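Student: Provide a 3D model corresponding to the input given below.
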Amino acid sequence: MISMDISKLKQFLVNAKKNTYASGGESKAKTLFDGTKEYIFESGNLKYVDRYKGHEKFNGEENVFENNKIIWRMKYDGKILSNKI
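Tutor: Presented below is the predicted three-dimensional model:
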């Protein structure tokens, strides 16, 4: 599925995460009609889309597109055990 150099993909993912959830939490997310939260980051011909639902219990999916074709996908789920940091 991946058509690009793995190190470039890794760097793009780091940049995408720094510019989405990691840069402001849920306050920067777009809320879709069904309550799903969405983050989008684009750089050149690459696009990162992270969509998740829930808060204390959550699940989601991250996708990376190159020229509008998916090249990487990760699904995740979890739950918050404590609000203490």
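
Student: quick one: residues contacting the residue nearest the centre of the chain.
Tutor: The centroid of the chain falls nearest to D50 when counting by C-alpha atoms, centre = their mean (2.8 Å). By C-beta atoms under 8 Å, 6 or more residues apart in numbering, the contact set of D50 is 16, 20-21, 38-40, 60-63. C-beta coordinates here come from the backbone N, C-alpha and C atoms, glycine included.

Student: now stretch 19-29: mean pLDDT?
Tutor: When pLDDT is averaged over stretch 19-29, the result is 78.

Student: that one: which residues count as buried?
Tutor: For stretch 19-29, burial by neighbour count (16 or more other C-beta atoms under 10 Å) applies to 19-21, 29.

Student: same thing with stretch 77-85?
Tutor: When neighbours are counted by 16+ other C-beta under 10 Å, no buried residue of stretch 77-85 is found.

Student: which residues are contacting it?
Tutor: Contacts to stretch 77-85, defined as C-beta under 8 Å, 6+ apart, come from residues 55-60.

Student: could you rerun that using 10 Å?
Tutor: 52-61 (C-beta atoms under 10 Å, 6 or more residues apart in numbering).

Student: quick one, which of those are buried?
Tutor: Looks like the contacts of stretch 77-85 have 52, 60 buried, using 16+ other C-beta under 10 Å.

Student: need phi/psi at the nearest residue to K47 once chain neighbours are set aside.
Tutor: Nearest residue to K47, sequence neighbours excluded (C-beta to C-beta, 6 or more residues apart in numbering): F65, at 4.4 Å. F65 adopts backbone torsions of phi -110, psi 140, taken as degrees, to the nearest 10.

Student: elements contacting the helix or strand harbouring E38?
Tutor: Using DSSP states H and E, E38 falls within strand 37-43. Helices and strands touching strand 37-43, by 3 or more C-beta pairs under 10 Å, 6 or more residues apart in numbering; DSSP states H and E, are helix 6-18, strand 30-31, strand 46-54, strand 57-66.

Student: direction included, what does the last one pair against?
Tutor: Strand pairing for strand 57-66, using DSSP bridges, gives strand 46-54 (antiparallel), strand 69-79 (antiparallel).
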